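Asks: Next come a sequence and a model predicted from it.
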Amino acid sequence: MNSVWIIILAGLWMFFGYRFYSKYIEKQIKLNDRRKTPAIKYRDDIDFSPAKKQFLFGHHFASIAGAGPIIGPILAISYFGWLPVVLWISLGSVLIGAMHDYIVLIASVRNKAKSVSTITKDFLSTRSGTIFGIMIWLTLVLVITVFSVSAADSLIQKPDLVIPLLAITILSIILGIGVTKGKWNYKITSFVALLLVFFFVWLGNNFPLNLPISNPDILRNIWVTIILLYAGIASVLPVWLLLRPRDYLSSLQMLLILFFGLLAVLIIRPVISAPAYINSGIFPLWPILFITVACGAVSGFHGLVSSGTTSKQLAKESHARTIGYGSMLVEGLLAIFVTIMVIAGVKWGTQSGNFTNLLGKGWIVLFSTGYGNIVGSMNIPFLTVSLAALFGAFMVNQFILTTIDSSSRIGRFIISENLFPKLKNRYLTTLMIIFPAWIIAITNSYESLWRLFGSSNQLIASISMITVASFFITKKRNVKFIVIPALFILVTTLSALVYLTFSVNGYLMQQNYLLVIISILLFVLGATVAIEGFQKLRNK
């Protein structure tokens, strides 16, 4: 099958989803631009800071995307083939994921930009909100840990990324100061900054930087420490100075790279070599597909961004449709794009340079190779296969870093708003999220725990939807369009936890008792909060 058809059909489906379904949701939640948003009411220019819609779209998209829409589809393709992956991304993003991000954003804006776990305290119970807050804190620590290690490994494997990553950080600060304080024209400034970013990618390709350390473990720990120090600093600086402009530049760069990729698919029309469906017997399609492909279809982490950093920067309620719903659809399109890169950009099989062989070298290598093979085939002057592959790898690393710094900032919100409301020192609360991640990273303790991320992430999504439904029902709003997807994700995720724990090849049979205990705790905590939420909904 030709991969062009996937792009066309998925693109049309998402366009009509945005055109009609997001409008339906807007009618249910009744947006009102006469209401002052928390970004304006509580403006402090550190966390609460009204943003231009374009900048906030860039921040929100870069924060929610991260590596999720790349890792999940690639793993799911290796288990189930490409057709189930494409169907779940397409249906999930329009009907569940984008709706989830949109309504959590508005619910947070209507509740003083509080995080979703704090809203759970207000509309379910203090116990449920505290349990939910602990779950979110643990998930964020795990995300920061794994992504910091992934970023460190990629910098070691591809030292040509060091110069462009350092350059975009400096350019972001200049852009933030210039646009916010200097009132520079953001369009011209953005264009110049983007040109400079690609210049530094070329420079990095010609002058890779290696740290003069031969021990691989020490080298990785040094990079992890540098990355987490950056994340800690970024999470306490004013949001307009680094976080927002960096995410904005990252999104512009990604959209340009995505454009070249889509253009290449339309011109080259690569044929899919991977099987449409695989019955490997490793995992059952349901429920494992739905927790493997999270970002790109639906993700609880997105709700943390919506109710964490984004709700504190939303200038008008009407912007929420583009930023909340629209960003998720672009991420869904990115996940479809990644799928095409790895099923048509590389050959299926285990030989050198083929899908399984490249996956063994890492998902970044697999994706960047597929991207380089397709885009480099357009024969654009200077855009060689190797340079196109570097652009793909740079995009992934950019998004990993934006997820790390956003997660750090969200983590301190969870601590100061929910777990320890009297603790307002942003340096101390940042340390409480960064330090545990650093310990887990340098001791390699994350490798086993990461296997539970998919389940915990989807559990957060279902509880977030239940919480938001409880809020909107107090305002006499129809919440069936929220409750039905919430119930589906909840049942699917709890079933996945049971399967992964007690199946023939599950954690129990592997004698991995730590995962057994955590999995059971997640099941109990998630079920407890969900039952209480549904009881509240029924009563109201």
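Replies: Arrived safely. Numbering: from 1, shown residues only.
Asks: only C-alpha atoms for contact and neighbour calcs from this point on.
Replies: OK.
Asks: For residue 320, give me its contacts.
Replies: Taking CA atoms under 8 Å, 6 or more residues apart in numbering, we find residue 320 in contact with 102, 105, 106, 314.
Asks: Next one, pLDDT for it please.
Replies: Looking at residue 320, its pLDDT reads 96.
Asks: quick one: it and residue 156, what's the gap?
Replies: Plainly put, residue 320 is 39 Å away from residue 156 if you go by CA to CA, to the nearest Å.
Asks: Residue 478 and residue 27 touch, don't they?
Replies: No: Residue 478 is beyond contact range of residue 27, at 10.0 Å (criterion: CA atoms under 8 Å).
Asks: who's more crowded, those two?
Replies: The residue with more neighbours, out of residue 478 and residue 27, is residue 478; 14 against 11, by other CA atoms under 10 Å.
Asks: contacting residues around the more buried one?
Replies: Going by CA under 8 Å, 6+ apart, residue 478 touches 28, 472.
Asks: List phi and psi for it.
Replies: Main-chain dihedrals, residue 478, degrees, to the nearest 10: phi -70, psi 130.
Asks: Mind pulling up the pLDDT for it?
Replies: 90.
Asks: Then residue 421?
Replies: 91.
Asks: how much space between the closest residue to it other than its chain neighbours and residue 28?
Replies: Among residues not flanking residue 421 along the chain, residue 415 sits closest, at 7.1 Å (CA to CA, 6 or more residues apart in numbering). Noted for residue 415: a distance of 32 Å to residue 28, by CA to CA.
Asks: So if I had to pick from those two, which one is more boxed in?
Replies: Neighbours per residue (other CA under 10 Å) separate residue 415 from residue 28, with residue 415 holding more: 23 against 16.
Asks: measure that one to residue 507 for me?
Replies: The spacing between residue 415 and residue 507, counted by CA to CA, is 31 Å.
Asks: Repeat that for residue 220.
Replies: 29 Å.
Asks: Tell me where the stretch 201-350 of the chain has helices.
Replies: 216-236, 243-268, 285-292, 300-306, 320, 327-344 (DSSP state H, counting those that start in this stretch).
Asks: For the third one, name the packing helices and strands.
Replies: By that I understand helix 285-292. Helices and strands touching helix 285-292, by 3 or more CA pairs under 8 Å, 6 or more residues apart in numbering; DSSP states H and E, are helix 68-80, helix 82-92, helix 453-474, helix 480-502.
Asks: Need the ones you listed in a markdown table (columns: distance to residue 5 and mean neighbour count).
Replies: As requested, the helices and strands packed on helix 285-292 are exported to a markdown table (distance: least, CA to CA, whole Å; neighbours: other CA atoms under 10 Å):
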| stretch | distance to residue 5 | mean neighbour count |
| --- | --- | --- |
| helix 68-80 | 18 | 23 |
| helix 82-92 | 12 | 22 |
| helix 453-474 | 29 | 25 |
| helix 480-502 | 28 | 20 |
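Asks: wait, which of the ones you listed is closest to residue 348?
Replies: helix 68-80 (10.0 Å; CA to CA).
Asks: which secondary structure elements does the closest one contact?
Replies: helix 82-92, helix 285-292, helix 327-344, helix 363-375.
Asks: which residues are contacting it?
Replies: Residues contacting helix 68-80 (CA under 8 Å, 6+ apart): 82, 85, 277-280, 282-283, 285, 289, 292-296, 331-332, 334-335, 338-339, 342, 356, 363, 367.
Asks: And it, how far out from the chain middle?
Replies: Relative to the chain's own centre, helix 68-80 is displaced by 14 Å; criterion: CA atoms, centre = their mean, to the nearest Å.
Asks: And for residue 536, the neighbour number?
Replies: 18.
Asks: repeat for residue 95
Replies: The tally of other residues near residue 95 (other CA under 10 Å) stands at 19.
Asks: Could you do residue 531 as well?
Replies: 13.
Asks: Tell me which other helices or strands the least confident helix or strand in the chain by mean pLDDT touches.
Replies: Within the chain, no helix or strand scores below helix 446-449, which has a mean of 75 by mean pLDDT, DSSP states H and E. If contacts are counted by 3+ CA pairs under 8 Å, 6+ apart, helix 446-449 sits against helix 126-157.
Asks: how about 10 Å then?
Replies: helix 126-157, helix 426-442, helix 513-539 (3 or more CA pairs under 10 Å, 6 or more residues apart in numbering; DSSP states H and E).
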